[in-house]
Structures are given as structure tokens and as C-alpha cells.
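Novice: Dropping the sequence and predicted coords here.
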Amino acid sequence: MQQIQMEAWYLVNLHTLQCLEDDSPLPDYTGKAFYDHCCSCIATTAKTNLNTRKNPELWESYSVYKGKRALTGLEEVRNLVGYSQLKAELREQMIVKAEVMIRQHFAKHLRLYVQIAFGGLGSNLDKKVIKEKALLAREIMRVLHAEWSEQWIPWPNRIGENGLTFYVRLVWEFQSVVEKRMKAEPNEKGVRAFSLFPVSTTYTASHTKINGTTLPGFYLRIKKREKAFYWQIAEVE
């Protein structure tokens, strides 16, 4: 199930990038259908693939992804017992996590964008220029924080007003500037590429539901810890 989740998020990123590069409409990140189709792509069955063909743009992105996955030798996920229920739970998590990811990482991406555009990044600059640019970047961030925190930072109410796609496009613009900088200055300290939806093990593990499928895994992890750790339980008088 974890493989389906990670690969589904990779497909979300890939399809989003293709839509942005082709200037095509972005999918609805607040609805169930898009995530349902992404999960259906990853768990390859005749029925799910047939359902996903209802979204030809996503199917095209999946075809690109499937070709890359074949080159890595990664085994395809076959149909699982009770997958319909698991997929329903997974897409509900993805709806919530998509908004959380954009909101939590937006300020970090904005700060890096300002540092590249106005800050003192660059090894070929003298210390005085670097300091002046750093102060300029700090002042810009201070003003932006005061103005953007009320109007543009993706708080839940702002996402409701502007739509999540609005912020996805902003993050993509930040990323475009970062990628240009990386090409001009490879291996520059503090500058690195990022994905639009930065999925990590933190996100995949934070909403794990304990049920008949996940319980054995938790049990094995606890047993493994017992070998190297003795539980210190205070005595109750």
C-alpha cells in the first residue's frame, strides 16, 4: 500500500508539471476523482485502467511514467484484496495532504526565490555586496510577510478563496527560478530543486491507519525495538 501511495504522488507531480509546461488546465486537487484516477493507474488492473482512460491527459502522463518505471525494473502493483476500500481511504488522505504540503512549504520556497532574485547568493560577489543584498532580501521578506500573510500565504481560508491551483502555479514559478540558478551555478550551497508536492516518509507515515493490514507491521517494529531497548515503566504505589 505504501508503494501505491508513493507512486501515486509521483504521478500527481508528473502530471502537474506537464499541465504547467503545456499551459493546460490543472486538475482539481480538492476533489476525489483526480486522486482516484492516479491510484487506479498505479494498481494496474484491466478495470482500473479502463476507468482512468476517462481522463486522457492523465493517461498520457501515466504512459510516460510507466515507461520510466519499466526502465528502473520496479515491479508493478497488482490488484490487492479489498483494494477498493483502501483506495477510498488513500484518496481522502491525499486530498488533505495536498493542501498541507503546499501550505507548509510555501514560505520556504518563497524565501529561496527572494534570495536568488534579490539576495546575496553567489560566490563571485564580495562580502560587502553579499551583506547589502542579504539585508535587501531580509527587508523584502519582512514586507512580504506582513502583506502576504494576510492576502497570499496559503492559509485554509485563502486556499478556499483562491483555489489550490493558484498556489501550485506560484510554487512552480519559484521552482523555475531555482532550476535556472542551479544550471548557472551547479552545487551552490543553499540552492536545491524541490517538487511541487514534496512527499516524504513523514507525510506517508503521519496518517497511517491501524487495521488488519497495518497492524502486523506495527507489531514487528515494536518487537524489533524491544531487542535494543528496555521499557522504563514507573511503578505505581
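Specialist: Nice, I can see it. Numbering: from 1, shown residues only.

Novice: Show me what the lengthiest helix in the chain is packed up against.
Specialist: In the chain, assigned by DSSP state H, the helix with the most residues is helix 83-118. Counting contacts by 3 or more C-beta pairs under 8 Å, 6 or more residues apart in numbering; DSSP states H and E, helix 83-118 is packed against helix 2-21, helix 32-42, helix 127-151, helix 156-162, helix 164-184, helix 201-206. (Each C-beta comes from the backbone N, C-alpha and C, glycine too.)

Novice: Give the buried residues for it.
Specialist: 83, 86-87, 90-91, 93-95, 97-99, 101-103, 105-107, 109-116, 118 (16 or more other C-beta atoms under 10 Å).

Novice: go on, stretch 156-175?
Specialist: By neighbour count on 16+ other C-beta under 10 Å, the buried set for stretch 156-175 is 158-159, 164-165, 167-168, 170-172, 174-175.

Novice: ends of it, how far apart?
Specialist: When the termini of stretch 156-175 are compared using C-alpha to C-alpha, to the nearest Å, they are 22 Å apart.

Novice: need the helix or strand of the chain with the lowest average pLDDT.
Specialist: Lowest by mean pLDDT, DSSP states H and E among the helices and strands of the chain is helix 201-206, with a mean of 44.

Novice: need the least confident one among the helices and strands packed on helix 83-118, by mean pLDDT.
Specialist: Lowest mean pLDDT of the helices and strands packed on helix 83-118: helix 201-206, a mean of 44.

Novice: Next, the angle from the longest helix of the chain to helix 164-184.
Specialist: Here the directions of helix 83-118 and helix 164-184 differ by 50 degrees (axes from the mean of the first three to the mean of the last three C-alpha atoms, to 10 degrees).

Novice: now helix 83-118 against helix 32-42, angle please.
Specialist: 100 degrees.

Novice: Skip the chain neighbours and tell me the closest residue to residue 19.
Specialist: Excluding the flanking residues, the one nearest residue 19 by C-beta to C-beta, 6 or more residues apart in numbering is residue 26, at 5.2 Å.

Novice: wait, what's in contact with that neighbour?
Specialist: With contacts defined as C-beta atoms under 8 Å, 6 or more residues apart in numbering, the neighbours of residue 26 are 16, 19-20, 165, 168-169.

Novice: Try it again at 7 Å.
Specialist: With contacts defined as C-beta atoms under 7 Å, 6 or more residues apart in numbering, residue 26 is in contact with 16, 19, 165, 168.

Novice: and the gap between the last one and residue 69?
Specialist: Residue 168 sits 24 Å away from residue 69 when distances are taken as C-beta to C-beta, to the nearest Å.

Novice: Export the buried residues of stretch 156-175 as JSON lines, with columns for distance to residue 39.
Specialist: Output for the buried residues of stretch 156-175, formatted as JSON lines (distance: C-beta to C-beta, whole Å):
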{"residue": "158", "distance to residue 39": "28"}
{"residue": "159", "distance to residue 39": "23"}
{"residue": "164", "distance to residue 39": "19"}
{"residue": "165", "distance to residue 39": "20"}
{"residue": "167", "distance to residue 39": "23"}
{"residue": "168", "distance to residue 39": "20"}
{"residue": "170", "distance to residue 39": "27"}
{"residue": "171", "distance to residue 39": "23"}
{"residue": "172", "distance to residue 39": "23"}
{"residue": "174", "distance to residue 39": "28"}
{"residue": "175", "distance to residue 39": "25"}
